[in-house]
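Visitor: next come a sequence and a model predicted from it.
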Amino acid sequence: MSPAGKHEARGLHYRILLRREPEDGYTVTVPTLPGCVTFGETVDEAIAMAREATELYIEHLLEKGEDIPTEEGLLEYTLTVEAHA
């Protein structure tokens, strides 16, 4: 913490997933932050809402003195499987 008792700002990067909803709009999740889910009517609005939700999530963790999850060391791979109906 800085002398003023505030945390120093640093840039954190998070992947977000946008899912198009059948009734319109997009649900957004932040996989690294469990339970961080929001919604937007457009892609741009969904991204803005995800940014706000992520900032609030991190702020809440800091207030509780908890560690902030990061994506450092994260490996990502897309798996393709066959589903037999």
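Guide: Yep, it's here. Treat the numbers as computed from the prediction; the structure is a model and nothing was measured. Numbering: from 1, shown residues only.

Visitor: from now on I want contacts and neighbour counts done on CA atoms only, so please keep to that.
Guide: Fine.

Visitor: so where is the protein shaky, pLDDT-wise?
Guide: 1-9 (pLDDT under 70).

Visitor: the same query, at a cut-off of 90, please.
Guide: For the chain, the stretches flagged by pLDDT under 90 are 1-11, 73-74, 76, 84-85.

Visitor: just give me the residue right at the centre of it.
Guide: Val30 (2.7 Å; Cα atoms, centre = their mean).

Visitor: just to check, that one is in contact with Thr38?
Guide: No - the criterion here is Cα atoms under 8 Å, and Val30 misses it with Thr38 at 9.0 Å.

Visitor: where along this structure do the helices fall?
Guide: Along the chain, counting by DSSP state H, helices occupy 43-63.

Visitor: would you map the strands across it?
Guide: 17-20, 26-29, 37-40 (DSSP state E).

Visitor: nearest to Gly73, out of those?
Guide: Gly73 lies closest, by Cα to Cα, to one member of the strands of the chain: strand 17-20, at 18.8 Å.

Visitor: buried stuff in the closest one?
Guide: 17-18, 20 (16 or more other Cα atoms under 10 Å).

Visitor: re the thing from before, dihedrals phi and psi, the residue nearest to the centre of the chain?
Guide: phi -120, psi 100 (degrees, to the nearest 10).

Visitor: overlap of the contact sets of Val30 and Thr38?
Guide: Ala50 (Cα atoms under 8 Å, 6 or more residues apart in numbering).

Visitor: picking up where we left off before, how close does the closest residue to the residue nearest to the centre of the chain other than its chain neighbours get to Glu72?
Guide: Spatially, and ignoring its direct neighbours in sequence, Val30 is nearest to Ile16 (4.7 Å; Cα to Cα, 6 or more residues apart in numbering). Computed with Cα to Cα, to the nearest Å, the distance linking Ile16 and Glu72 is 15 Å.

Visitor: and if you look at Tyr26?
Guide: From Tyr26 to Glu72 the distance is 27 Å (Cα to Cα).
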